[in-house]
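Colleague: How does the following fold in three dimensions:
(one chain, ligands or ions: 1)
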Amino acid sequence: MTKNRETFGSRFAVIMTFAGSAIGLGNIWRFPYLAGEGGGAAFVLLYLAFSLLFSLPIFMVESIIGRRSGANCMGAVRKLAPGKAWRLLGALSVITPLVIVSYYSVVGGWSFEFFLKSCGLAFTGCDPESVKDLFPAFTSSFWGPSLCFTAFLALSCLIVASGVKKGIEKFSKYSIPVLFLMMVLIMVYSLSLDGAGAGVRYLVKPDFSKLTLPVCASALGQSFYSLSLGMGIIITYSSYVDKKENLLASGTWTAFFDAIFALMAGFAIMPAVFTAGIEPSSGPGLIFETLPFIFAKMGINLPVVSAAAAILFFLCICISALTSSVSLIEVGVAYLVEEKGLRRGTAALTVFAGTWVAGMLCSL
Ligand code: PFF
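Modeller: Numbering: from 1, shown residues only. Just a heads-up that it's a prediction; the model follows:
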């Protein structure tokens with residue numbers, strides 16, 4: 001093992017950092033919609049089965065590679081499978097998360113802006129129809145998205161630069177429990193709305209006739225995406241896991257929390273969507289157009305509740321996106337530190353510079 005390598009402090013810290021990577025935009029803007037479209041409970045069952053049969057074993061394989069090698073993705077490949085073809089896999093594992101974080105941080109920046117908007121009561125007390133225009137107006141401007149993206153990416157890199165224990169572990173250890181608590185509050189409120197039943201039925205009513213091949217593929221894809229598989233994150237994070245830690249236990253807890261959070265997000269979002277009488281969608285449309293519309297509609301009768309729900313919700317999205325982007329960035333930083341001999345701060349700055357350029361292109 002590389003000398004003086006940091007390790008996570010406890011099992012709780014391990015699970016929270018892995019869960020921080022797993023729980024992200026995929027749980028909030030992808031899962032609820034895919035589940036509803038794909039036959040509700042039928043999709044959920046398939047997703048859980050795939051997670052257990054495929055994703056968890058792959059998660060374990062990556063964990064074992066990471067802990068065994070005690071190195072970044074490139075170092076792990078070099079140590080465990082010396083040979084040209086495998087080096088290519090190592091290189092891909094370093095590059096892919098950096099490409100992903102470039103667009104992921106753009107969306108992170110949007111959620112940061114919408115969190116600020118909700119703090120400024122931008123949805124409460126406004127005409128719901130006009131609130132829908134906030135998102136296209138925001139994304140078509142130059143400064144707003146660019147500044148928010150830059151702030152989001154800078155904060156993610158700063159957390160990574162602070163170290164594995166003092167940065168990544170500390171941030172995840174405190175923010176993930178708070179994230180769960182906030183999501184429970186939103187979910188309980190959403191389920192108490194008149195007409196929440198339609199949203200619940202959308203998610204849980206099993207319709208096995210909808211389980212077509214593309215739906216099965218999307219359940220498998222969602223399970224991979226959500227557990228952050230196949231892109232070096234699990235290898236890198238596991239290289240910081242102590243030899244005494246039971247990888248099966250921490251991996252299973254991570255998959256459990258990831259799935260529970262996705263379901264909670266579904267039960268928080270869909271009842272509100274159906275109560276407002278709108279068709280569910282996925283992606284940016286759901287988070288940045290549909291939900292502000294709902295908050296504005298809610299604000300007509302319940303301004304305080306609407307403001308609180310909007311602030312909590314966008315804070316949840318910001319935190320979940322941050323803990324995930326941190327994990328994507330750490331892959332590149334670990335590589336630069338261990339393979340290129342850069343100091344952690346310099347490595348984080350280098351990753352910031354590269355992904356900032358790519359992200360700005362996405363943002364524009
Ligand atoms: N698992 C996280 C999510 O679901 O948002 C983060 C993530 C990892 C996103 C890997 C995308 C990705 F390709």
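
Colleague: The helix or strand harbouring Phe115 - contacts with which helices or strands?
Modeller: Element membership of Phe115, judged by DSSP states H and E, is helix 84-119. For helix 84-119, the packing partners by 3 or more CB pairs under 8 Å, 6 or more residues apart in numbering; DSSP states H and E come out as helix 73-80, helix 134-139, helix 143-161, helix 291-301, helix 303-340, helix 344-363. Where you see a C-beta, it was placed from the backbone N, CA and C, and this is true even at glycine.

Colleague: next SSE after that helix?
Modeller: helix 128-131.

Colleague: buried sites along that following helix?
Modeller: By neighbour count with 16 or more other CB atoms under 10 Å, helix 128-131 contains the buried residues 128, 131.

Colleague: rank the helices and strands packed on helix 84-119 by pLDDT, which is bottom?
Modeller: Confidence, taken as mean pLDDT, is least for helix 291-301 of the helices and strands packed on helix 84-119 (a mean of 84).

Colleague: in it, what's buried?
Modeller: In helix 291-301, counting by 16+ other CB under 10 Å, buried: 291-299.

Colleague: With respect to the ligand, which of those residues is nearest?
Modeller: Leu291 (17.2 Å; CB to the nearest ligand atom).

Colleague: Now for the nearest residue to the closest one once chain neighbours are set aside: which residues touch it?
Modeller: Spatial nearest neighbour of Leu291, excluding adjacent residues (CB to CB, 6 or more residues apart in numbering): Phe313 at 6.7 Å. Neighbouring residues of Phe313 by CB atoms under 8 Å, 6 or more residues apart in numbering: 118, 186, 268, 291, 295.

Colleague: switch to 10 Å and redo it
Modeller: 28, 111, 114-115, 118, 182-183, 185-186, 190, 265, 268-269, 272, 287, 291-292, 294-295 (CB atoms under 10 Å, 6 or more residues apart in numbering).

Colleague: which parts of this structure sit against the ligand?
Modeller: For the chain, the residues in contact with the ligand (CB under 6 Å from any ligand atom) are 21-22, 24-27, 100, 104, 225-226, 228, 231, 324.

Colleague: ok, the residue nearest to Tyr104 when sequence neighbours are not counted - contacts?
Modeller: For Tyr104, ignoring the flanking residues on the chain, the nearest one in space by CB to CB, 6+ apart is Ser325 at 5.5 Å. Counting by CB under 10 Å, 6+ apart, Ser325 makes contact with 21, 24-25, 97, 100-102, 104-105, 107-108, 152-153, 155-157, 159-160, 355.

Colleague: starting at the chain centroid, how far to stretch 196-209?
Modeller: Taking CA atoms, centre = their mean, to the nearest Å, the mean C-alpha location of stretch 196-209 is offset from the chain mean by 24 Å.

Colleague: Which residues does that stretch contact?
Modeller: Contacts for stretch 196-209 (CB under 10 Å, 6+ apart): 31-33, 35-46, 189-191, 193, 263, 266-277, 280.
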